[in-house]
Structures are given as structure tokens and as C-alpha cells.
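**Q** below is the sequence, then the predicted model.
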Amino acid sequence: MRLAVFDTHRYDRDALEKANARFGHSLTFFEARLTPQTARLADGFPAVCSFVNDKVDAATLAALQVGGVRLVAARSAGYNHVDLEAARRLGIRVTRVPEYSPHAVAEHAVALVLSLNRHIHRAFARVRDWNFSLDGLVGFDLAGKTVGIVGTGRIGRVAARIFHGFGCRVLCYDVQPDPAFERELGVRYVPLEELFSASDVISLHVPLTPGTRHLVDAAALARMKQGMLLINTGRGALIDSRALLEALKSGRIGGAGLDVYEEEEGIFFQDLSGQVLQDDVLARLLTFPNVLVTSHQAFLTHEALANIAESTLASVQAFERGEPLVNEVRAEQVIRPPTAER
Ligand code: NAI
């Protein structure tokens, strides 16, 4: 099938071309992000492949539909960038890659914790300037500390296991707690408020939905332990970035490791080194020595890229053959939390 791949980088192209040897689709790569303006590039294609910062809103989907697109194959686990309701109305089906490597993302979350806690990013810069002093680089033992995992799906569980392996006490929160997982690993599900106030490290692994937007807001930050580390590899808008700025300025938060950012669209994945950064909140976040930002790279391992390519192309093949789309996402699947729990 003819597939228009948007927001393509070299690593995407390499992985998709390699996997395509088995499928034989006709792949056309566009560097442009998918937006209402670029959607017409897909005219005549029955399927498009999108990534996390593509804008697959109602306007884009309408333009895609006019051009003949009937499938959006998102090469991501998250699908908050796709207007599923509009897709349903327009008769466009949507697939995603629910599981490509939970290890890639969980391990990156742990890397952010370790780097922040032991100030590896600062030590790296220091010694390159022949500054071998240790002042300001004191961290803490992770063993014995309390780690809060928000969202115990595929990625959150792997993260919980790793922290458990470090000797941490692991607290979990999920709208769908899993008692078997709780028993097996010896973790404990607690209400979100308790997780916020008891954890030395909090790592976010829930999808972005209307119910999880700004899950970490000013009130949540005020509950958190003085000096705790906040890690986000989920989606940027899980955290109210302005409230985070204030919490960092006041010293309430000990550090933040952010692989995702609320307004990352149009910034992350791009080389803007020759330009002036227009986002004042991000620019301010980047001035803190205790904030570590990576550009949505938690997924970026060889294993994950190969699995993403394989799964995406398999969805396109199933669609072409009229077979069931096992990785289809529909509007009615978006989970809303119980009202009392936010
Ligand atoms: P998953 O679907 O396996 O797990 C999500 C968990 O969140 C489920 O257990 C679900 O019950 C829970 N949940 C859903 N809504 C909730 C709510 N309102 N309150 C509390 N819990 C809720 O998803 P997976 O694979 O673990 O991925 C999690 C998220 O990580 C994705 O949605 C995506 O946004 C993000 N992600 C980020 C990547 C990166 O490169 N930074 C790569 C892959 C995923």
C-alpha cells in the first residue's frame, strides 16, 4: 500500500525501510510535520503515518480525507495528538503502536533520575572545563527512598520493577490498579494525594487525556516533599509548566527530569540552535541547574525503532487486506478518571 510518512528523521527512515523489506509497501517520506497545511502532500495516498508532534486535528483529518486517506497509522504509543472523534466522523481509521519497548521509556526515566540526583550533567560539563571540584554535586542513595509511579501500564510497571531492584519502596497510582502486580512485586497502590506527599521521586506514566491534563498542578506540587525529583516521560501537559517553574524557583522541588514538554510541538525534534528560542517557559526551565530536559527521546533505542516500524507496517498491511486492526484506537477508548480522584 502507498504510505505517506510525515515528520521523518533519518532514524525513522532507516528503521521503516529495513522493516519494509518484509511488507513491500510503497513508502514516501516527508520531513514536514503533518498539519492542516501539509496534509495535501498526502493527496492520493490511502494511508499516512504520523508521529507525536504531528497535528492530526479535525482540520488535518478533513484535508486528508478529501485527498483519499482512510488510515492514520500513528507510529507512537500515545495518540493524544489525534482527534479520534473527528476521525470517526470522517470514516478514517487510526492505529497506534501500543507496545514497542516499555523498557526504552522506563530506562530513560530512570536515567533522568540518576543523572539529576547525582548531577551527572553538571559533572560532565565541569570536568571538560578542567573543573574537578565536587561542590554542589551531592546526591542521595536511592536505596530505601520512596518512588511514586503514576500509571502502572506497560511502561510504569517496568519502571516500578527497576526502582524496586534499586531497593526503593514503590508506591503506585492507577485508575485500574492491578492487585496481582501489587502482590507479585510487593508495591502498594495508594491514592494519588498520598503518592504525591510521600514520594522522594515521582515518575509519570499515564497517557494524556482530558482527565490527566495538568495532573501535576500548583496544588499537587504544594503537596510534594521538599526536594523531591519529578520525572515526566509521559506527555508534557501532564504537568502545568508554569506551576513547575514556581515550584523550582521556590526550591520546593529538588529537580525535574523532563523528556516531554507541554508546548514541545514545533520545538522538539528540531535543530533550533541558530535561532532565538521563543518559548519563555522552556527557556526559563533550561536555566535551572536541577532541570534536565531531553527532547522526547525516551523511545529512541534500536529495539524500539525496529518494533515501531514492524508494528506500523503490519497495521497498514492488515488494513490493506481488510483484516482486523488489532492496534486500532477509537474515541470511546479514552479513559476518564473517577471524578473524586481527578
Ligand atoms: P499503557 O496504556 O500501557 O498504560 C497507561 C496506564 O495509565 C494504564 O495502566 C491506565 O490504567 C493508566 N491510566 C489511564 N488514565 C489514567 C488516569 N486518568 N489516571 C490514572 N491512571 C490512568 O501505556 P504505556 O505504554 O505505559 O505508556 C504510557 C504513556 O507514556 C503513553 O500514553 C505515552 O503518552 C507515553 N510515552 C512516551 C514516550 C516517550 O518517548 N517519551 C514513548 C512511549 C509512550
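**A** Thanks, I have it.
**Q** which residue does this protein have closest to the ligand?
**A** Here the chain gets closest to the ligand at one residue, G153, 1.6 Å apart by CB to the nearest ligand atom. From N, CA and C alone the C-beta is placed, and that goes for glycine too.
**Q** tally of neighbours for that residue?
**A** 17 (other CB atoms under 10 Å).
**Q** show me what contacts the nearest residue to it once chain neighbours are set aside?
**A** Excluding its sequence neighbours, the residue lying closest to G153 (CB to CB, 6 or more residues apart in numbering) is H205, at 6.5 Å. By CB atoms under 8 Å, 6 or more residues apart in numbering, H205 lies in contact with 105-106, 109, 149-153, 155-156, 159, 233-234.
**Q** show me what contacts the closest residue to A143 other than its chain neighbours?
**A** In space, and not counting its chain neighbours, A143 is closest to G167: 3.6 Å by CB to CB, 6+ apart. The contact partners of G167, by CB under 8 Å, 6+ apart, come to 142-144.
**Q** could you turn the buried ones of these into a PyMOL selection?
**A** Restricted to buried positions by 16 or more other CB atoms under 10 Å, the PyMOL selection for the contacts of G167 reads:
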select buried, resi 142
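**Q** need the contacts of G167 in JSON lines with secondary structure and pLDDT, can you?
**A** What follows is the contacts of G167, written out as JSON lines (DSSP: H, G, I helix; E, B strand; the rest coil; pLDDT from 0 to 100):
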{"residue": "L142", "secondary structure": "coil", "pLDDT": "98"}
{"residue": "A143", "secondary structure": "coil", "pLDDT": "98"}
{"residue": "G144", "secondary structure": "coil", "pLDDT": "98"}
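**Q** circling back: by neighbour count, which of the contacts of H205 wins?
**A** I149 (32 neighbours).
**Q** what about that one, which SS state?
**A** Following DSSP: H, G, I helix; E, B strand; the rest coil, I149 is assigned to strand.
**Q** now swap in C172 and tell me
**A** Bear in mind the rule, three-state DSSP; under it C172 is strand.
**Q** give me the number of residues near the closest residue to D54 other than its chain neighbours?
**A** Spatial nearest neighbour of D54, chain neighbours left out: L34 (3.7 Å); criterion: CB to CB, 6+ apart. Around L34 sit 29 other residues, with neighbours defined as other CB under 10 Å.
**Q** which residues are in contact with L34?
**A** With CB under 8 Å, 6+ apart, L34 has these contacts: 6-7, 42, 48, 50, 54-56, 60.
**Q** let's have those residues in JSON lines, adding neighbour count, pLDDT and distance to the ligand.
**A** Below are the contacts of L34 laid out as JSON lines (neighbours: other CB atoms under 10 Å; pLDDT from 0 to 100; distance: CB to the nearest ligand atom, whole Å):
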{"residue": "F6", "neighbour count": "27", "pLDDT": "98", "distance to the ligand": "17"}
{"residue": "D7", "neighbour count": "21", "pLDDT": "96", "distance to the ligand": "14"}
{"residue": "A42", "neighbour count": "26", "pLDDT": "98", "distance to the ligand": "24"}
{"residue": "V48", "neighbour count": "29", "pLDDT": "98", "distance to the ligand": "20"}
{"residue": "S50", "neighbour count": "27", "pLDDT": "98", "distance to the ligand": "14"}
{"residue": "D54", "neighbour count": "25", "pLDDT": "96", "distance to the ligand": "14"}
{"residue": "K55", "neighbour count": "19", "pLDDT": "96", "distance to the ligand": "16"}
{"residue": "V56", "neighbour count": "29", "pLDDT": "98", "distance to the ligand": "15"}
{"residue": "T60", "neighbour count": "28", "pLDDT": "98", "distance to the ligand": "20"}
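**Q** okay, the residues you listed in a markdown table with secondary structure next?
**A** Listed next are these as a markdown table, based on three-state DSSP:
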| residue | secondary structure |
| --- | --- |
| F6 | coil |
| D7 | coil |
| A42 | helix |
| V48 | strand |
| S50 | strand |
| D54 | coil |
| K55 | coil |
| V56 | strand |
| T60 | helix |
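**Q** show me which residues of whatever helix or strand A87 lives in are buried.
**A** Taking DSSP states H and E as the criterion, A87 maps to helix 84-90. For helix 84-90, a neighbour-count test (16+ other CB under 10 Å) marks 84, 86-87, 90 as buried.
**Q** helix or strand for the spatially most central residue of the chain, which one?
**A** The centroid of the chain falls nearest to G234 when counting by CA atoms, centre = their mean (3.7 Å). For G234, there is no enclosing helix or strand under DSSP H and E.
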